[in-house]
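J.: Give me the fold of what follows.
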Amino acid sequence: MLLQVLGTAAGGGIPQWNCACPGCSGARVHPERRRRHASLAVRTDEGRWYLVNATPDIGDQIEAHPALHPGPGARQTPIAGVVLTDAELDHTLGLARLREADGLEILATAPVRRALTDRLRLDAVLGPYTTLTWRDLPCHGGTSGPAGRGPRISAVPVSAKRPRYAADAPEDDAWVVALRLYEPATGKSAVYAPAVAVWSDALHQAAAEADCVIVDGTFWDDDEPRRTGISSRTATGMGHLPIDGPGGTAGILASLSARCFYTHLNNTNPLVDPAAAQHKQLARLGVEVADDEMVIEL
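T.: From the prediction side, this is the model:
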């Protein structure tokens with residue numbers, strides 16, 4: 001199983017177009033600090049790829065990785081479909097950029113599909129351009145995945161947080177999920193969780209059994225959103241467990257045998273500065289920060 005990291009930033013990317021915080025200003029001066037929206041590409045053993053989430057950067061993300069380029073046929077693409085971890089705009093707006101496809105397969109949980117079809121009317125908007133084929137993303141046992149051989153995909157519920165445009169929709173613990181990617185041929189597995197509100201027993205079990213864990217690193221500490229003035233809520237109040245401090249995930253990841261990475265970094269997170277002391281703190285725990293374009297082979 002091959003994992004291609006396409007992006008590692010939280011909503012807005014780094015830099016965010018309307019933000020002059022130190023993280024965004026630093027990325028404008030130092031382009032190597034730029035990060036695209038958090039996303040992943042998973043290769044099947046047949047040379048096909050599934051994109052995990054479809055971000056606003058999806059066009060640039062595809063062009064930045066030759067393995068995702070079309071060919072040899074004029075309109076032949078190696079992209080087999082998209083797997084969604086939630087219905088947030090930052091993870092779904094890119095679906096509109098894929099409208100030129102002859103057809104598009106989308107794996108999503110039931111509440112995520114309903115939000116995209118009933119609230120955003122994605123079927124009606126994209127129907128005149130392409131054919132959307134929806135497949136259920138199993139959330140309580142069972143797996144899904146590409147036809148034939150390749151990684152098996154299942155979901156672990158991590159939050160009932162609904163996107164703002166669906167704030168009045170029914171509650172469901174499958175609104176936000178972590179993905180468990182399992183390769184039967186090798187027995188290797190990875191967990192990808194770009195948004196984590198609660199570190200549940202189910203998530204811990206999946207992470208404890210995994211060879212690689214890529215998890216929500218939106219905020220360094222719980223008070224970061226309020227301290228930096230981007231929100232009146234804490235990190236946990238916004239649906240993201242912080243990295244450091246009481247209830248933080250750094251200690252949890254340090255206890256795992258898997259290779260562990262943080263992704264989905266907010267522009268206020270000190271980790272967006274490669275010289276920040278927090279990198280050394282994580283290194284002492286054996287935990288890393290994922291970089292855009294990183295390749296992980298299991």
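
J.: Next, work out how far apart the closest residue to Pro56 other than its chain neighbours and Glu105 are.
T.: Among residues not flanking Pro56 along the chain, Leu93 sits closest, at 4.9 Å (C-beta to C-beta, 6 or more residues apart in numbering). Every residue, glycine included, has its C-beta placed from N, CA and C. Note on Leu93: its distance to Glu105, by C-beta to C-beta, to the nearest Å, is 18 Å.

J.: any idea how far Arg28 is from the residue nearest to Leu126 when sequence neighbours are not counted?
T.: The shortest distance from Leu126 to any residue other than its chain neighbours is 5.3 Å, reached at Arg99 (C-beta to C-beta, 6+ apart). Distance, Arg99 to Arg28, by C-beta to C-beta: 31 Å.

J.: Could you tell me which residues make contact with the nearest residue to Ser257 once chain neighbours are set aside?
T.: Excluding the flanking residues, the one nearest Ser257 by C-beta to C-beta, 6+ apart is Ala208, at 7.6 Å. Residues near Ala208 by C-beta atoms under 8 Å, 6 or more residues apart in numbering: Leu256, Ser257, Ala258.

J.: so who does Thr186 touch?
T.: Met1, Leu298.

J.: Count the neighbours of the residue nearest to Leu126 for me.
T.: Close neighbours of Arg99, defined as other C-beta atoms under 10 Å, add up to 14.

J.: can you check Asp168 too?
T.: The burial count for Asp168: 7, using other C-beta under 10 Å.

J.: follow-up on the earlier one: could you double-check that the residue nearest to Pro56 lies in contact with Asn53?
T.: No: with contact defined as C-beta atoms under 8 Å, Leu93 does not count as touching Asn53 (10.0 Å).

J.: Just want to know which of these two has more residues nearby.
T.: Neighbours were counted for Leu93 and for Asn53 using other C-beta under 10 Å; Asn53 has more, 26 against 17.

J.: Check whether that one really touches His91, as I assumed.
T.: Yes: judged on C-beta under 8 Å, Asn53 makes contact with His91 at a distance of 3.9 Å.
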